[in-house]
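Asker: With the sequence up front, the predicted model follows.
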Amino acid sequence: QVQLVESGGGLVQAGGSLRLSCAASGRTFSSYAMGWFRQAPGKEREFVATIRYSGGSVYYADYADSVKGRFTISRDNAKNTVYLQMNSLQPEDTAVYYCAAGPQFPDRTGQTYGYWGQGTQVTVSS
């Protein structure tokens, strides 16, 4: 069982930055792929970024085209935490951002992710 708690959301002006954190409970954090997804009002949930184990001490990060070059996902297994650094934020990034934990294979849909946080609101003003 994994419990996820997001933090770090808020209101920021366009061009600004935020860093989201997601703290996970449990002793098996490192065995999960971790992902960030978002849902804007009236829209379906969409993939933002995932990070999964690639081998040795290497983790593979995958990004949606809309955030590539602006957002960075990272994880600290010692702290059971995954981060999403968001730079150059735009109004279209406004959404509730969800952290999720899932198996170690590619999944941009989130359908295989069994654990989800409650979400944190990010609002970007123009």
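Answerer: Cool, got the structure.
Asker: any idea which strand is longest in the protein?
Answerer: The longest strand of the chain (DSSP state E) is strand 46-55.
Asker: How far does that strand sit from its chain's centre?
Answerer: Per Cα atoms, centre = their mean, to the nearest Å, the displacement of strand 46-55 from the mean C-alpha position of its chain is 9 Å.
Asker: Of all the residues in that strand, which ones are buried?
Answerer: In terms of neighbour count (16 or more other Cβ atoms under 10 Å), strand 46-55 has its buried residues at Glu46, Phe47, Val48, Ala49, Thr50, Ile51, Arg52, Tyr53. (Glycine included, C-beta is placed from N, CA and C.)
Asker: Neighbours of the residue lying closest to the last one once chain neighbours are set aside, how many?
Answerer: To tie it back to what came earlier, the one meant is Tyr53. Sequence neighbours aside, Gln104 is the residue nearest to Tyr53 in space, at 5.2 Å (criterion: Cβ to Cβ, 6 or more residues apart in numbering). Residues near Gln104, counting by other Cβ atoms under 10 Å, number 13.
Asker: Numbering from 54 from now on, please.
Answerer: Happy to do that; since the first residue is 54 now, the last one works out to Gln157.
Asker: hang on, the earlier thing: who does the longest strand of the chain touch, helix- and strand-wise?
Answerer: strand 86-92, strand 111-116, strand 124-129, strand 134-139 (3 or more Cβ pairs under 8 Å, 6 or more residues apart in numbering; DSSP states H and E).
Asker: Let's have the ones you listed in CSV, adding mean pLDDT.
Answerer: Shown next, in CSV, are these (pLDDT from 0 to 100):
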stretch, mean pLDDT
strand 86-92, 97
strand 111-116, 93
strand 124-129, 96
strand 134-139, 98
